[in-house]
Each structure stands twice: as C-alpha cells, then as structure tokens.
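> here are the coordinates; sequence isn't available:
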C-alpha cells in the first residue's frame with residue numbers, strides 16, 4: 001500500500017502537466033467564485049464559473065446575487081526572455097445572473113443574461129499552478145479580478 005501511494009504521489013506532477021482539466025478560485029469586485037476549465041489545445045480552453053456576490057442587507061430587505069457562465073479562453077504566450085511564463089489571454093462567453101430580494105415592498109427573483117468579454121495577463125508558476133489578473137466586461141458592468149488556477 002505504501003508503495004502504491006508513493007508511486008501515485010510521484011506520478012501526479014507528470015499527470016498534471018498532461019491533463020486538460022483545471023480548477024480555480026477567483027476574487028473580483030464584490031464577489032468570490034469558483035471556475036473549472038478544459039484545455040482543448042495549448043492556446044484554447046473552455047471555462048465554466050460560479051460567482052457569489054456580496055449580500056446586501058438592511059433590517060427589512062436582503063439582496064443575494066449569483067451568476068453562472070461559460071467562456072472560451074485564448075492564451076497567447078509572450079515568450080519574453082526575462083519572463084517566459086507570462087501570457088496574455090482573451091475570453092468571450094455568456095453569463096446568467098440571478099438576484100433574489102427578500103423582504104421590502106418588492107420581494108422576488110430576477111434573472112439576466114449577458115455577453116461577457118474580457119482579457120488580461122496570466123503567469124504560470126510551473127506546469128500545475130497559474131495566476132491571472134483580468135478585466136471582464138459584462139453588459140454595462142466592468143469587473144477587475146484575480147484568479148488562482150491549479151491543473152489536475
């Protein structure tokens with residue numbers, strides 16, 4: 001059993017370099033989220049995400065918001081001499097937001113679907129871990145965010 005566990009632990013980094021799957025967390029303007037992706041090839045991925053926005057509450061009204069979405073992401077390695085791990089990325093997709101209001105004169109739930117465009121910079125620490133700094137434009141709203149990604 002110990003040999004099996006040791007060989008599995010040693011094989012994980014090699015598997016991670018070849019795996020097309022990754023997951024991460026994202027923190028942005030007033031939200032925290034989870035994302036998962038599938039790398040189609042070296043430059044193109046498909047990502048899904050879930051964001052949970054800050055809850056706004058007063059003694060009589062509470063507002064909860066969340067969103068789900070899917071995007072195509074294209075990564076363009078810069079291949080700089082001093083920073084070979086740095087890339088630029090662009091993404092396009094769709095997002096569906098849900099806002100639930102409880103209490104007050106107009107309780108209820110509203111939904112909205114928007115096109116999402118965005119881009120930014122990605123730094124690969126190694127074959128398994130990356131970080132992104134990006135900007136998304138969704139409808140008439142902009143969101144600056146930071147992501148941490150881990151390849152399986």
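Structure's in. What do you need? Everything numeric here is computed off the predicted structure, so don't read it as measured data. Residues are numbered from 1 along each chain as shown.
> what residues sit buried inside stretch 134-151?
Taking 16 or more other CB atoms under 10 Å as the neighbour-count basis, stretch 134-151 is seen to contain the buried residues 134, 136, 138, 143, 145, 147, 149, 151. Every residue, glycine included, has its C-beta placed from N, CA and C.
> go on, stretch 73-92?
For stretch 73-92, using 16+ other CB under 10 Å, the buried residues are 73, 75, 87, 89, 91.
> on that earlier part again, of the buried residues of stretch 134-151, which belong to strands?
Among the buried residues of stretch 134-151, the members falling in strands (DSSP state E) are 134, 136, 138, 143, 145, 147, 149, 151.
> verify the contact between the second one and residue 115 for me.
So the one you mean is residue 136. No - counting by CB atoms under 8 Å, residue 115 is not a contact partner of residue 136; they are 10.7 Å apart.
> just give me the residue right at the centre of the protein.
residue 35 (4.1 Å; CA atoms, centre = their mean).
> now do the SS call for that one.
Of the three states, residue 35 takes strand under DSSP: H, G, I helix; E, B strand; the rest coil.
> what distance do you get for the closest residue in space to it that isn't next to it in sequence to residue 68?
Of all residues not flanking residue 35 in the chain, residue 49 sits nearest, at 4.1 Å (CB to CB, 6 or more residues apart in numbering). Here the criterion is CB to CB, to the nearest Å. By it, residue 49 lies 7 Å from residue 68.
> of these two, which one has the most company?
The neighbour comparison of residue 49 against residue 68 (other CB atoms under 10 Å) goes to residue 49, with 20 against 14.
> check contacts around that one.
Shown in contact with residue 49 (CB atoms under 8 Å, 6 or more residues apart in numbering): 26, 33-36, 67-71.
> out of those residues, which one sits closest to residue 101?
Looking at the contacts of residue 49 and their distance to residue 101, the nearest is residue 67, at 15.8 Å (CB to CB).
> can you tell me the closest non-neighbouring residue to the closest one?
Excluding the flanking residues, the one nearest residue 67 by CB to CB, 6+ apart is residue 97, at 4.2 Å.
> brilliant, that's me finished.
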